[in-house]
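# dropping a prediction and its sequence here:
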Amino acid sequence: MGSTNRLVFVALLLIATPAAASAFVGTRGASSAHLVQRLVSRSDESSDAAADDVLQPAIDSNRRRLLSLAPASTLPFLLGGGAASAVDTILNKDVAVNISPPPPPAQVNTAIRSKPLCADSAEESRIAIFERVAPSVVYIDTFAEKKDVFSTNVMDVPIGSGSGYIWDTDGHIVTNFHVVQEAKSAQIAILTSGGSQTAIKPAYTSVRPGALGEGSTSVLKDFTRTVYKAKVVGVDPTKDIAVLKVDDVPVKELRPIEVGTSTGLRVGQGSLAIGNPFGLDHTLTTGVISGIGREVKSPTGRPISNVIQTDAAINPGNSGGPLLDSSGKMIGMATAIYSPSGASAGVGFAIPSDTVKSVVGMLIKNGQIVRPLLGVSILDSKQARQALGITKGVLILDVKPGTPAFQAGLRGLRRSDSGIIEIGDIIIAIEGTSIEKEGDLFKAIESFEPGDVVKVTVNRPEIEVGGDGRPEIKLKEITFAVKLIASDDSPFLKR
């Protein structure tokens, strides 16, 4: 700012209060002092000290009022370099004038930002496992046939979705039976090599748009999603396992999951689940193994034993997805949750990988599971307890003629010649193993092979006349030798 402007500003100060001149003269800075002297030649420089002491409070008040006419930060520029210190003295350091230039804007290190910000090696390990295993996880859409209301045409209507994983380079896909239970057809979305654009054939998937991300925001930007039609190779409802197959997929695009063992798992081990909850494909959740040796019911009502419990979040859509250990190997397949709301409550279950390997191998080889059966139909133990008061064992409802069980002499519920309903045999042991409920019976039978002969111990209700002449029902323990049949040739399964 020029000297003329500075003079105008100071002159305004002095016109308002001549007494302010003495304050400026007394400050440091020779050039400022001479400047003030020239402007206030009218002032009385010989005023005595006593008068100054009396007027000092008024001078201070006027000084503060006048200095407020302009921002404090502008005064040094208006008064010049020497007057800057004078202003600082006048204000008695009440106002700090900072004339330093503003700091330069922070420079962004793009090289650092482009790298993943990982806190520790465990975080890096989780990321590496996800990026390695995610291409092995698939998205499954299922369809049912429905007739068009206005024509005789049959349409495929979407009925649900789930997860699965690539088993081998032949195109076999493993998932839960309940994922495809009601379906007439299925489609599999596989991550294949390519750009960031989604390629669909045929053009349907229930995956939420943008799930893979776009451009630099994509977590799997080296892959694209391609949909193929799938066919069912075989199912095992008792273990809730199904095997599908996709054709016309290049071998290089099939990345089989690495299967580990569920033997020797310990509570507290880390666990990771990858699946497609609520249409959000390739979602990763983490937790620990919360329990082992659990039991859940399959779609047929039979128990699935040795199930793994985890607190890794499992939600609708996760069914059929892999449960991984801390090395990225598949140790289980997500199958069920316990939840009052239908969403994850931290209690999820996975079929152990050892069970999956056994069943999948048999389904691929034979297309079905050959499982040993006793050849009888039974009553649910809860109903037997409530209706008949049977607290131990499994009640036989029916024994089909022609089966080994019928030939051995097992007896089901029947009506006597007099019209009285007689209770059938109650199975209490298989080869010495105690049977408390139907789950115990299934587990005991599964330890054998079709064609094996097992000892079946039953309690047979018989009516006897007591000493007082009144009829009494007594249980008589009998053991039978029964040949087990195969599930695929059992006559009563073909009803």
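In hand now; what should we look at?
# buried residues, stretch 124-133. List them.
126, 129, 130, 133 (16 or more other CB atoms under 10 Å). Where C-beta positions appear, they are placed from N, C-alpha and C, glycine not excepted.
# farthest pair within those residues?
The most widely separated members of the buried residues of stretch 124-133, counting by CB to CB, are 126 and 133 (10.7 Å).
# for the stretch 151-300 of the chain, which segments count as strands?
For the stretch 151-300 of the chain, the strands defined by DSSP state E, counting those that start in this stretch cover 154-166, 172-175, 185-193, 223-236, 241-246, 270-275, 283-297.
# mind listing what's buried in the first one?
Residues of strand 154-166 classed as buried under the neighbour-count rule (16+ other CB under 10 Å) are 156, 160, 161, 162, 163, 164, 165, 166.
# which member of the residues you listed is positioned nearest residue 318?
Nearest member of the buried residues of strand 154-166 to residue 318, counting by CB to CB, is residue 163, at 5.8 Å.
# ok, that closest one - contacts?
137-140, 175, 179, 274-276, 317-321, 334 (CB atoms under 8 Å, 6 or more residues apart in numbering).
# next step: these restricted to helices.
residue 179 (DSSP state H).
# of the contacts of residue 163, buried ones?
137-140, 175, 179, 274-276, 317-321, 334.
# who touches the closest residue to residue 448 other than its chain neighbours in this structure?
Among residues not flanking residue 448 along the chain, residue 372 sits closest, at 5.1 Å (CB to CB, 6 or more residues apart in numbering). The contact partners of residue 372, taken as CB under 8 Å, 6+ apart, are 445, 446, 448, 449, 450, 452, 484, 485, 486, 487.
# in stretch 323-341, which residues are buried?
Buried residues in stretch 323-341, counted by 16+ other CB under 10 Å: 323-326, 328-337.
# could I have it exported to PDB, CA atoms only?
Extracted C-alpha coordinates of stretch 323-341, given in PDB (Å, rounded to 0.1, in the frame of the first residue of the first chain):
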ATOM      1  CA  LEU A 323     -16.700 -72.300   5.300                       C
ATOM      2  CA  LEU A 324     -12.900 -71.900   5.300                       C
ATOM      3  CA  ASP A 325     -10.200 -72.300   7.800                       C
ATOM      4  CA  SER A 326      -7.400 -69.700   8.400                       C
ATOM      5  CA  SER A 327      -5.400 -71.200   5.500                       C
ATOM      6  CA  GLY A 328      -8.300 -70.900   3.000                       C
ATOM      7  CA  LYS A 329      -9.200 -74.500   2.800                       C
ATOM      8  CA  MET A 330     -12.800 -75.600   2.800                       C
ATOM      9  CA  ILE A 331     -13.700 -77.300   6.100                       C
ATOM     10  CA  GLY A 332     -17.500 -77.100   5.800                       C
ATOM     11  CA  MET A 333     -20.500 -76.100   3.800                       C
ATOM     12  CA  ALA A 334     -23.000 -73.500   5.200                       C
ATOM     13  CA  THR A 335     -26.400 -75.100   5.700                       C
ATOM     14  CA  ALA A 336     -28.500 -73.600   8.500                       C
ATOM     15  CA  ILE A 337     -28.800 -71.000  11.200                       C
ATOM     16  CA  TYR A 338     -30.500 -70.600  14.500                       C
ATOM     17  CA  SER A 339     -32.200 -67.200  14.500                       C
ATOM     18  CA  PRO A 340     -35.400 -65.700  15.900                       C
ATOM     19  CA  SER A 341     -35.500 -63.200  13.100                       C
END
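# picking that back up, out of the buried ones among the contacts of residue 163, flag the one nearest to residue 390.
Closest to residue 390, out of all of those and judged by CB to CB, is residue 319, at 34.8 Å.
# low-confidence ranges in the protein?
Along the chain, segments meeting pLDDT under 70 span 1-119, 149, 194-204, 209-219, 488-495.
# which residues does the spatially closest residue to residue 429 that is not a sequence neighbour form beta bridges with?
In space, and not counting its chain neighbours, residue 429 is closest to residue 457: 3.9 Å by CB to CB, 6+ apart. Beta-bridge pairing of residue 457 under DSSP bridges involves residue 429, residue 479.
# on that earlier part again, state the pair within the buried ones among the contacts of residue 163 that is farthest apart.
So, these by CB to CB: farthest apart are 179 and 274, at 15.4 Å.
# contacting residues for the nearest residue to residue 277 once chain neighbours are set aside?
Computed as CB to CB, 6+ apart, the closest residue to residue 277 that is not its neighbour in sequence is residue 315, at 3.7 Å. Shown in contact with residue 315 (CB under 8 Å, 6+ apart): 275, 277, 278, 337, 343, 344.
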